[in-house]
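Chemist: Give me a 3D structure for the following:
(chains A and B)
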There are 2 protein chains.
Amino acid sequence: MKRISVDMDGVLADVYSQFIKMHAAEFGQIVSAAEINGRPEAEVFPNERKYVNSSGFFRGAPVMENSQRILEALNKKYKIFIVSAAMEFPNSLSEKQSWLAEHFSFISWQQMVFCGSKEIIKADIMIDDHFKNLNFFSGETILFTQPHNIFADAGSHKRVESWIDIEQLLLG
Amino acid sequence: MKRISVDMDGVLADVYSQFIKMHAAEFGQIVSAAEINGRPEAEVFPNERKYVNSSGFFRGAPVMENSQRILEALNKKYKIFIVSAAMEFPNSLSEKQSWLAEHFSFISWQQMVFCGSKEIIKADIMIDDHFKNLNFFSGETILFTQPHNIFADAGSHKRVESWIDIEQLLLG
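Modeler: Residues are numbered from 1 along each chain as shown, chains lettered A, B, ... in the order given. Coordinates of the predicted model:
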């Protein structure tokens, strides 16, 4: 059974919605897609670090569209590991555990990995929105489109725009 | 630079001391080496699960003798990752982070991994006290002697009795 490393932020959890909401609450301004696309998060949201470190940021993130149904189906055909580079934000660990337990209750604790760097991950397929994770992975790499990577050349990675794309690619 | 996966409980953290202390506090009896050696922890300490889930169990664990000095030296010659199967005990994550920050401050967040199963770990060397982790690892495996494994045949794994043995093996 093939092993898939599935990222959380920007793949399962819609962190951009959180950034936009918190930025709007602070500055009274909803940033547009044109302002977000192709730019690093930290550039669009100057207080990104504050938001990420604030209580509830990860716990309250919306679930990415269709991810629950499709991940549950993948979980029957593949060995799924949810791999999140969570160590940078010590408060995020328990929030991320609770978030997964609520929204992806079919994922057991045996399938969760919180790390700092993903270079230690051994799997056959990696789904991630960051080149820094995909570029050092030796298996099949799937780039999940997010605003920060939307204009980048996917290079050797297979780009998917949505969970429906993942479904077609891995279950089709 | 070779990558080493270093276990926490039973390798860096002396969890047996915690079991013995909590068992003595509950039953008024200090278990002897003869009672501990060669038996699974859960058999020796019937309330093991309660202790492990209690606040302060991981945070208050003593540091294994010589581990700080030798891991710091290893950290200069190898790429060290501290890999702990911590997911089973949700409360342990923040305790383990704090414990590492206090006792192994030279280990950065990039070097920490909390997982459920270690089958997802890619490294060259694994130091662990459990066969269930070592047996599924494809690199070099080092079995750290702990009471539960003391009489077991190490098989294809290299057995070490202490951090001094690790020093000789990997830095000698």
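
Chemist: Can you identify each of the helices in chain A by residue range?
Modeler: For chain A, helices defined by DSSP state H occupy the ranges A:15-27, A:33-36, A:41-44, A:48-53, A:67-77, A:92-103, A:131-134, A:163-171.

Chemist: State the distance from the residue of chain A most remote from its centre to chain B.
Modeler: Ranked by distance from the centre of chain A (C-alpha atoms, centre = their mean), the top residue is A:G28, with 26.5 Å. Going from A:G28 to chain B by C-beta to the nearest C-beta, to the nearest Å gives 34 Å. In short, each C-beta sits where N, CA and C put it, glycine included.

Chemist: of all the helices of chain A, which lies closest to B:F151?
Modeler: Nearest to B:F151, of all those, is helix A:92-103, at 36.3 Å by C-beta to C-beta.

Chemist: Is any residue of the closest one near chain B?
Modeler: Yes - using C-beta under 8 Å from any C-beta of the partner chain, we find that helix A:92-103 touches chain B at A:L93, A:S94, A:Q97.

Chemist: Stretch A:141-158 now?
Modeler: No - shown here: stretch A:141-158 not in contact with chain B (C-beta under 8 Å from any C-beta), separated by at least 14.7 Å.

Chemist: Tell me the span between the first and last residue of that stretch.
Modeler: The straight-line separation of the ends of stretch A:141-158 (C-alpha to C-alpha, to the nearest Å) is 6 Å.

Chemist: Show me what counts as buried in that stretch.
Modeler: Within stretch A:141-158, the residues that qualify as buried are A:T141, A:I142, A:L143, A:F144, A:T145, A:Q146, A:P147, A:H148, A:N149, A:H157, counting by 16 or more other C-beta atoms under 10 Å in any protein chain shown.

Chemist: can you tell me which two in these are farthest apart?
Modeler: Maximum distance among the buried residues of stretch A:141-158 (C-beta to C-beta): 19.5 Å, for A:T141 and A:P147.

Chemist: can you pull the contacts of the residue farthest from the centre of chain A?
Modeler: A:G28 sits next to no residue when contact means C-beta atoms under 8 Å, 6 or more residues apart in numbering or on different chains.
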